[in-house]
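Trainee: Need coordinates for the following:
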Amino acid sequence: MALTLSVAMCTYNHAEFLGRALEALVSQSRPADEIVVVDDGSSDSTPEVLARFAAAHPSIRAVRNEQNRGVLEASKRAQGLAQGDFLYAASSDDYLLPGAFERLLGLVERNPSAGIAFGKVVLTDPSGRVLGTPGPTCWTRALYATPEVYRDEFLSRESAELSLCSSMIFRRAALAEIGGFRPELGPYGDTFAAHALGLRWGACYAPQSMVVFRANPGGFARRIARQPGVALGFVDRIVDAMRSPPCQGLFPETYVQRWAAERRRATIDQITRSLRDASDRALAAKKVLGALGESVSAAERAALLVLEASQERLPRRVEELLRAD
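Mentor: Got it, this is the predicted structure:
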């Protein structure tokens, strides 16, 4: 019996990108059996775009949240409605490349124990300029990696920063066994699930690019990265998830420690950049205030004091985090 594939997508005020994303999905040489799209209370023309595509393509099921619930809740709703053997979690501002589903489903049909299948990603900036084509450095050909090979060749060698989930299909039953995309893990929930499935059931890899991923500075992951305390909290939760059922024993302890150290270091670097930017603004503001003299308001001087304080906090805060790491 042929495998079935569901696409789960949530969207919010992405009308300018949504049509392109949906067109890429329905134009696949092996189209998805169903495409579930949750509109998370959009106020732009997203409902009209969805209605137009749903009228032309019966595989599209459009659902609307009357109030915005956030990306995690909207994604959970879309994924909960999916019924296929495999699940593709789509972003409404990314778009699949031709032949992606045919390649990935062909691999899992030949390797039925695989929990995931994925390929490379074309990374672009918001203007569409290509920034790179991330993919594993350890593999150059199509293959099925057993759980042991996935652990020794992919997990242990690739950067902890590498996430290829935008190109990935997940075996839905296997995903349910490890708790799905867990909302408490925030923007790392999909990558955590991908590794857990690879470590338990193995993974298929195709060396072609599968999707164009738009790096969105206002996206969920980027917003979290700008909140160091929140980001560090997610790191702690993921470390706990790696060491606890149902994934206990899957992740090597050496990887858990390396991943945590890399993520904490990345967060510290973000704090350092933010405070340095604030310090630069403080120095610039000080020069302006000096030139303006008495014409500067008390509020403006208070703002300068805040910026100067951030300059003084920079080395102390980084030192505290380094000690914690």
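
Trainee: where does the stretch 151-300 of the chain have low pLDDT?
Mentor: For the stretch 151-300 of the chain, the stretches flagged by pLDDT under 70 are 217-229, 271, 273-300.

Trainee: mind listing the strands for it?
Mentor: Along the stretch 151-300 of the chain, the segments classed as strands by DSSP state E, counting those that start in this stretch run 169-171, 203-214.

Trainee: Packed most tightly, which of those strands would that be?
Mentor: strand 169-171 (a mean of 25; mean count of other C-beta atoms under 10 Å). Quick note: C-beta positions are derived from backbone N, CA and C, even for glycine.

Trainee: elements contacting that strand?
Mentor: strand 86-91, helix 100-110, strand 116-124, helix 189-201 (3 or more C-beta pairs under 8 Å, 6 or more residues apart in numbering; DSSP states H and E).

Trainee: residues in contact with the third one?
Mentor: The contact list for strand 116-124, computed with C-beta atoms under 8 Å, 6 or more residues apart in numbering, reads 86, 97, 100, 103-105, 107-108, 130-135, 164-171, 194, 197-198, 201, 203-215.

Trainee: Show me what the following helix or strand past that strand is packed up against.
Mentor: On the C-terminal side of strand 116-124, the nearest following helix or strand under DSSP states H and E is strand 130-132. Counting contacts by 3+ C-beta pairs under 8 Å, 6+ apart, strand 130-132 packs against strand 116-124.

Trainee: so for the strand it packs on, what's the average pLDDT?
Mentor: What strand 116-124 shows for mean pLDDT is 97.

Trainee: so what strands line up beside it?
Mentor: strand 130-132 (antiparallel), strand 169-171 (antiparallel), strand 203-214 (parallel) (DSSP bridges).

Trainee: then the last one to PDB, C-alphas only?
Mentor: What follows is strand 203-214, C-alpha atoms only, in PDB (Å, rounded to 0.1, in the frame of the first residue of the first chain):
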ATOM      1  CA  ALA A 203      17.200   8.500   8.600                       C
ATOM      2  CA  CYS A 204      17.200   8.800   4.800                       C
ATOM      3  CA  TYR A 205      19.100  11.500   3.100                       C
ATOM      4  CA  ALA A 206      19.000  12.900  -0.500                       C
ATOM      5  CA  PRO A 207      21.900  15.100  -1.600                       C
ATOM      6  CA  GLN A 208      19.700  17.600  -3.500                       C
ATOM      7  CA  SER A 209      18.200  20.800  -2.200                       C
ATOM      8  CA  MET A 210      14.600  20.400  -1.200                       C
ATOM      9  CA  VAL A 211      13.400  23.800  -0.100                       C
ATOM     10  CA  VAL A 212      14.100  27.500  -0.100                       C
ATOM     11  CA  PHE A 213      14.300  28.800   3.400                       C
ATOM     12  CA  ARG A 214      13.800  32.500   4.000                       C
END
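
Trainee: report the angle between the axes of that strand and helix 100-110?
Mentor: Here the directions of strand 203-214 and helix 100-110 differ by 170 degrees (axes from the mean of the first three to the mean of the last three C-alpha atoms, to 10 degrees).

Trainee: how far off helix 189-201 does strand 203-214 point, in degrees?
Mentor: 170 degrees.

Trainee: Find the nearest non-adjacent residue to residue 91, please.
Mentor: residue 166 (6.5 Å; C-beta to C-beta, 6 or more residues apart in numbering).

Trainee: Backbone torsions only: list them for the closest residue in space to residue 67 that isn't next to it in sequence.
Mentor: Excluding its sequence neighbours, the residue lying closest to residue 67 (C-beta to C-beta, 6+ apart) is residue 41, at 5.2 Å. Backbone torsions of residue 41, given as degrees, to the nearest 10, read phi 80, psi 40.

Trainee: Equivalent analysis for the one 10 residues further on, please.
Mentor: Taking degrees, to the nearest 10, you get phi -60, psi -40 for the backbone angles of residue 51.

Trainee: SS state for the closest residue to it other than its chain neighbours?
Mentor: Spatial nearest neighbour of residue 51, chain neighbours left out: residue 62 (6.9 Å); criterion: C-beta to C-beta, 6+ apart. Under the three-state scheme (DSSP: H, G, I helix; E, B strand; the rest coil), residue 62 adopts strand.
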